[in-house]
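Engineer: sharing a sequence plus its predicted fold:
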Amino acid sequence: KKNKLRLQKVNWVVGCTMLFDLSKFSTKKIFDENFFLFYEETDLCKRVISKKGLIYSGSNLIIKHLGEKSSFAIIPKFKIDYIKLRNWHLMWSSFYFERKHYGYIYSLISHFPSFFKDLLKVSVYLIFLRREKSIKHFYRFLGLYNSMLGNKSKFRLK
């Protein structure tokens, strides 16, 4: 179209909108393979900026991201499995990202409230028989706990 692309410098972009000039990288493995599902693009953007690279976004670009449409989340019989996988990795990756960029103590302090909040929510939701919510917070707790221990992001559904 004749519209000019209006680019602006940003600190971060959503992974589904990324385009790369791989010649700017020393390897084609540009993502930290320790991440699974969450924070890969945040980590990459932070590393690009730390090496004086630039990230742009177009204010007039339209991206349609289907979100969970390509996963088994849309199949009802897999809903609980999806909740487990998603929440475990969300918290594992969150802690790992902060530990990697800001240090273990910083990450521990910033995740301290979530650690106990999720543990408390598991108990409350179990008491009130809210199975799905208790599973969600239990797996958030487990993901965070495993990341705090330095365990790898190996949780996968069988």
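Structural biologist: Okay, I see it.

Engineer: from I49, how far out is the closest residue to K84 other than its chain neighbours?
Structural biologist: Counting by C-beta to C-beta, 6 or more residues apart in numbering, K84 lies nearest to Y139, which is 4.6 Å off, once chain neighbours are set aside. For every residue, glycine as well, the C-beta is placed using N, CA and C. Counting by C-beta to C-beta, to the nearest Å, the gap from Y139 to I49 is 32 Å.

Engineer: helices of this structure, residue ranges please.
Structural biologist: Assigned by DSSP state H, the chain shows helices spanning 40-50, 79-102, 104-127, 131-148.

Engineer: those helices into a markdown table, with extra columns for mean neighbour count, distance to T17 and mean pLDDT?
Structural biologist: Output for the helices of the chain, formatted as a markdown table (neighbours: other C-beta atoms under 10 Å; distance: least, C-beta to C-beta, whole Å; pLDDT from 0 to 100):
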| stretch | mean neighbour count | distance to T17 | mean pLDDT |
| --- | --- | --- | --- |
| helix 40-50 | 17 | 9 | 94 |
| helix 79-102 | 20 | 19 | 95 |
| helix 104-127 | 14 | 27 | 96 |
| helix 131-148 | 20 | 26 | 96 |
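
Engineer: so which of these gets nearest R156?
Structural biologist: Smallest distance to R156 across these (C-beta to C-beta): 7.4 Å, for helix 79-102.

Engineer: contacts for the closest one, please.
Structural biologist: Outside of helix 79-102, the residues within contact range by C-beta atoms under 8 Å, 6 or more residues apart in numbering are 32, 34-39, 42-43, 46, 68, 71-73, 106-107, 110-111, 114, 118, 132, 135-137, 139-144, 146-148, 153, 155-157.

Engineer: re the thing from before, now the helices of the chain as JSON lines including distance to R6?
Structural biologist: Compiled in JSON lines, these are given as follows (distance: least, C-beta to C-beta, whole Å):
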{"stretch": "helix 40-50", "distance to R6": "20"}
{"stretch": "helix 79-102", "distance to R6": "30"}
{"stretch": "helix 104-127", "distance to R6": "35"}
{"stretch": "helix 131-148", "distance to R6": "38"}
